[in-house]
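Peer 1: the following comprises the amino acid sequence and a computationally predicted model.
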Amino acid sequence: MKRIFSGAQPTGNVHLGNYLGALRNWVALQREYESFFCIVNLHAITFPQDPKVLAAKTRELARIYLAVGIDPNVSTVFVQSDVAEHTELTWLLNCVARMSELERMTQFKEKARKQQENVGVGVFDYPVLMASDILLYQTDLVPVGEDQKQHLELTRDLAIRFNRDYGQTFAVPEPFIPKIGARIMSLADPAKKMSKSDEESEAGCIMLLDDVDAVRRKFKRAVTDSGTEIRFDESRPAINNLLTIYHLLNDRSAEEIEDHFNGQGYAKLKGELAEVTIEFLKPIQERVRSIDDDKLDAILRQGAEKAEAIARVTLNHAKRNMGLIGARK
Ligand code: AQP
């Protein structure tokens, strides 16, 4: 069976963009592939985190994975910092990666611009840690949103370079970026992606744990485009984004949706979209609350054990190929 690996950071709150761009596809693919879903808390500390909040958010994200439909009997769910191989492989890959290629990463450039001289080394090295996450599991496919495409290309480059210089060690993964939903935009600013770290646009972000009032309020205030027609049209990003969310959450075809809203105003679309979203979130939120603490611990412990066993084999292989094992007689 081919393998998939993916992860999300336990920072802020999981939003509809994370779900529609990534988690939804993890659920859809988990029975076709041997699947590894990681809570990437080592990525989260590339920015300062309150330790207590980070620990709580790590558990909350694990609950969300399960609540949206990741089946722990089928998929391996684990916390990144429980598997030390991720950090060890990062050092090996750091010695293969080049400054110039990391400097080209747009996510780094954007974060460096905001933080100026205080930008952390971890932010710079983030894509190498991500490459380690993926390569440790001999991953074939990585289901992610569009914002991760460049990091995936770097992962492939590092795998190919390592294999060339030290002998075959890693599978070279392919990205899986959905045709629809790969970049859900902020409701407050449709030129920006929906993002949990964008404090200015909390209003533009529907969180999976938002209550009914918050969902209604955020959709009601969603920015719209000029014009009145309700149809899928990439040149009108605000309405296109609202219709994309509607389409993905209730599985009606684009034609059906356009017929349904023909002659209607934006208020009708926003109102219906809020109700569709509320109905979609309700069972997820109920499941998040109902997952027992001991059960969650057991899932994460077993997940880490299974992940560690596979990661250890790959790491040892990489170390042997680099001449790091076998120096002692
Ligand atoms: N707006 C989005 N549309 C579609 N997919 C998205 N993803 C993120 N935002 C969107 C995908 O969600 C997965 C997990 O993301 P992450 O936790 O690693 O964080 P991120 O990619 O950095 O996204 P955020 O939520 O915007 O966080 P911040 O604000 O901290 O950068 C990934 O597969 C991602 O592609």
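Peer 2: Received the coordinates, thanks.
Peer 1: any idea which helix or strand comes after the host helix or strand of residue 63?
Peer 2: If you go by DSSP states H and E, residue 63 is part of helix 51-68. Going down the chain from helix 51-68, the next helix or strand is strand 76-79, by DSSP H and E.
Peer 1: residues in contact with that following strand: which ones?
Peer 2: Applying Cβ atoms under 8 Å, 6 or more residues apart in numbering, the external contacts of strand 76-79 come out as 35-39, 41, 58, 62, 65-66, 70, 299-300, 303-304, 306-307. Using the backbone N, CA and C atoms, a C-beta is placed for each residue, glycine as well.
Peer 1: residue numbers of this structure in contact with the ligand?
Peer 2: By Cβ under 6 Å from any ligand atom, the residues of the chain that approach the ligand are 8-9, 11, 17-18, 20-22, 144-145, 147-148, 182-184, 193-198.
Peer 1: of those residues, keep whichever come out buried.
Peer 2: 8-9, 11, 17-18, 20-22, 144-145, 147-148, 182-184, 193-196, 198 (16 or more other Cβ atoms under 10 Å).
Peer 1: sitting in helices, which of those residues do you find?
Peer 2: With DSSP state H as the criterion, helices contain 17, 18 from among these.
Peer 1: mind listing the helices for the protein?
Peer 2: Taking DSSP H, the helices of the chain run over residues 16-18, 24-29, 41-44, 51-68, 85-94, 99-103, 106-115, 121-135, 149-166, 212-220, 237-250, 254-261, 266-290, 293-322.
Peer 1: right, and these - which one's nearest residue 3?
Peer 2: Residue 3 lies closest to helix 293-322 among the helices of the chain, at 8.9 Å (Cβ to Cβ).
Peer 1: mind listing what's buried along that closest one?
Peer 2: So helix 293-322, judged by 16+ other Cβ under 10 Å, has buried residues 296, 299-300, 303-304, 307-308, 310-311, 314-315, 317-319, 321-322.
Peer 1: just checking, what packs against it?
Peer 2: helix 51-68, strand 76-79, helix 85-94, helix 149-166 (3 or more Cβ pairs under 8 Å, 6 or more residues apart in numbering; DSSP states H and E).
Peer 1: could you give the number of residues near residue 165?
Peer 2: Residues lying near residue 165 (other Cβ atoms under 10 Å) number 11.
Peer 1: any idea of the pLDDT on the closest residue to it other than its chain neighbours?
Peer 2: Nearest non-adjacent residue to residue 165, counting by Cβ to Cβ, 6 or more residues apart in numbering: residue 96, 7.2 Å away. As predicted, residue 96 sits at a pLDDT of 98.
Peer 1: low-confidence ranges in the stretch 51-200 of the chain?
Peer 2: 198-200 (pLDDT under 70).
Peer 1: for residue 42, see how far away the closest residue to the ligand within it is.
Peer 2: Using Cβ to the nearest ligand atom, residue 145 is the residue of the stretch 51-200 of the chain that sits closest to the ligand, at 2.4 Å. Noted for residue 145: a distance of 20 Å to residue 42, by Cβ to Cβ, to the nearest Å.
Peer 1: pLDDT score for residue 203?
Peer 2: Looking at residue 203, its pLDDT stands at 89.
Peer 1: how many residues are close by it?
Peer 2: 16.
Peer 1: again with residue 280
Peer 2: 17.
Peer 1: could you double-check that it lies in contact with residue 246?
Peer 2: No. Contact between residue 280 and residue 246 fails when scored by Cβ atoms under 8 Å: they sit 10.6 Å apart.
Peer 1: just the buried residues of the helix holding residue 63, please?
Peer 2: 54, 57-68.
Peer 1: out of the residues you listed, which one sits closest to residue 130?
Peer 2: Proximity of the buried residues of helix 51-68 to residue 130 (Cβ to Cβ) peaks at residue 61, which lies at 16.6 Å.
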